[in-house]
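# Build the 3D model from these lines:
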Amino acid sequence: MIEIPKFHETFIPILKVLENGETLPARELYQQVIDKFYSNLSKGQLEQKTKSGDTLINNRVAWGKSYLKKGGFIEYPKRGLVKITEKGKENVNKSLTLSDIENSSGFFEF
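Prediction:
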């Protein structure tokens, strides 16, 4: 059985969904990432909750999105909207690791 991805495993799927340059509402981004990359997760996995009651898969994609923003790979043009940056487009076909993001120029510490 496949596992729910760790948040850093969502970096490339997020960039791939955004690579056409479209600005998406965050919720739509989560749904597209799940539909395109994680549709083979079981219903139980897709419904699994975090302690705070969020859906675990959405939580992981949200953390991935947060790190990509801090690394300058995506931006939030308006509240609730997500868009890929030039830096994101340049890295969409690479394998981005957590350390790649943290060590990228412009990464803001939490």
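# the helices in this protein, which residues?
11-18, 26-37, 43-47, 56-70, 86-91, 98-102 (DSSP state H).
# Any idea which of those gets closest to residue 5?
helix 56-70 (5.8 Å; Cβ to Cβ). All C-beta atoms are positioned from the backbone trio N, CA, C, and that covers glycine.
# Which strands and helices lie in contact with that closest one?
helix 11-18, helix 26-37, helix 43-47, strand 74-75, helix 98-102 (3 or more Cβ pairs under 8 Å, 6 or more residues apart in numbering; DSSP states H and E).
# and the angle from it to helix 26-37?
110 degrees (axes from the mean of the first three to the mean of the last three Cα atoms, to 10 degrees).
# ok, and for helix 56-70, which residues are buried?
56-62, 64-65, 67-70 (16 or more other Cβ atoms under 10 Å).
# How about stretch 25-38?
26, 29-30, 32-34, 37-38.
# Kindly report the same for stretch 80-95.
Applying a neighbour-count criterion of 16+ other Cβ under 10 Å, one finds 82-85, 87-88, 91-92 buried in stretch 80-95.
# returning to that earlier point: please name whichever of the helices of the chain is nearest to residue 2.
If we rank these by Cβ to Cβ, the stretch that ends up nearest is helix 43-47, at 8.2 Å.
# Show me what the closest one is in contact with.
Outside helix 43-47, the residues within contact range by Cβ atoms under 8 Å, 6 or more residues apart in numbering are 3-4, 34, 38, 55-57.
# right, and the pair among those residues with maximum separation?
By the measure Cβ to Cβ, 3 and 55 form the most distant pair in these, at 15.4 Å.
# Phi and psi next, for residue 39.
Reported as degrees, to the nearest 10, the phi and psi values for residue 39 are phi -70, psi -20.
# Where is the longest strand in the chain?
strand 81-84 (DSSP state E).
# helices or strands up against that one?
Against strand 81-84 (3+ Cβ pairs under 8 Å, 6+ apart) you get helix 11-18, strand 24-25, helix 26-37, strand 74-75.
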